[in-house]
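Undergrad: Any chance you can model this:
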Amino acid sequence: MLLLNKIEFNYRNGTGTFNVSIDELKFDASLITCVLGENGSGKTTVLNLIGGHLKGECGEILLSGEDITELKAEARPTSTVFQQIGLFPHLSVKENIELAIEPNSLFKKSPATKSKADRILVDFSLTEFESRKPSQLSIGQQQRVAIARALSSDPKVLLLDEPTSALDFANISILKRMLKEIKDMQTVPVIIIVSHDLHFVLDIADNIKFIEKGKFVFDGTTQDFQKSKYYIN
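TA: Numbering: from 1, shown residues only. Sure, this is the predicted structure:
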């Protein structure tokens, strides 16, 4: 379980100060949790606080009882797939994955790393693309590589920011199937998705959390969310 406790985050933008305030927020293992909210409500800020890309003024983040609040992003047992995907354009698919497995070695990779990368390529049906650069892939294929790369470090928390934003219907279906397989195989204990795509969320989420102006105002099952005032069909 991932727990955010007494988190306060404040920053000033062009129109004033924006605050994210979390009294207590739990993300259970073996579930896919989706965070919903309007633009500017704080969804991605929460994702970045969990991933260590932002730091709150106070509060703590606990993962399976372990305090990870002070850990930098690269030291946290979390992996983030950002909306912009962020693959290294000069590296091949396989090299992108190898670098995630063994980030401290820029050139020669160990046999164990190469073997693990080969296994991940097979698991994600990427073997035929292993020598291609990201620019030679479709957006859907790039995202599959990004998720494979994120999982190659064996994280305990997988964070996805707007994963359907650039995908067509066919690739969204592939993504849903991939995430359900990751959940069913318990590849990652905690999966958290930020999304505007309500149809995708209703198909994939076990739990939905709704944030409004920096505060969480709903936390419950997908079925309960559809009965709440925050559900707009």
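Undergrad: Which residue is the nearest non-sequential neighbour of the residue nearest the centre of the chain?
TA: Centrality entry for the chain: nearest residue to the mean C-alpha point is residue 159, 1.5 Å, by C-alpha atoms, centre = their mean. Excluding its sequence neighbours, the residue lying closest to residue 159 (C-beta to C-beta, 6 or more residues apart in numbering) is residue 80, at 4.4 Å. Quick note: C-beta positions are derived from backbone N, CA and C, even for glycine.
Undergrad: Let me know the secondary structure of that neighbour.
TA: Following DSSP: H, G, I helix; E, B strand; the rest coil, the label given to residue 80 is strand.
Undergrad: What is the neighbour count of it?
TA: Residue 80 has 22 neighbours, counted by other C-beta atoms under 10 Å.
Undergrad: and the gap between the residue nearest to the centre of the chain and residue 59?
TA: 18 Å (C-beta to C-beta, to the nearest Å).
Undergrad: circling back: wait, is the residue nearest to the centre of the chain part of a helix?
TA: No - Residue 159 is assigned strand when assessed by three-state DSSP, not a helix.
Undergrad: And the pLDDT for it?
TA: According to the prediction, residue 159 has pLDDT 97.
Undergrad: so how far does stretch 65-84 reach from one end to the other?
TA: Length of stretch 65-84, first residue to last, C-alpha to C-alpha, to the nearest Å: 32 Å.
Undergrad: tell me which residues of that stretch are tucked away?
TA: 68, 69, 76, 77, 78, 79, 80, 81, 82 (16 or more other C-beta atoms under 10 Å).
Undergrad: List the single closest residue to residue 25 in space, sequence neighbours excluded.
TA: Closest to residue 25 by C-beta to C-beta, 6+ apart is residue 4, at 4.3 Å.
Undergrad: circling back to that earlier point, need the buried residues of stretch 65-84 in TSV (columns: pLDDT and distance to residue 223).
TA: Output for those, formatted as TSV (pLDDT from 0 to 100; distance: C-beta to C-beta, whole Å):
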residue	pLDDT	distance to residue 223
68	97	31
69	96	33
76	95	32
77	95	31
78	96	28
79	95	29
80	94	28
81	93	27
82	89	30
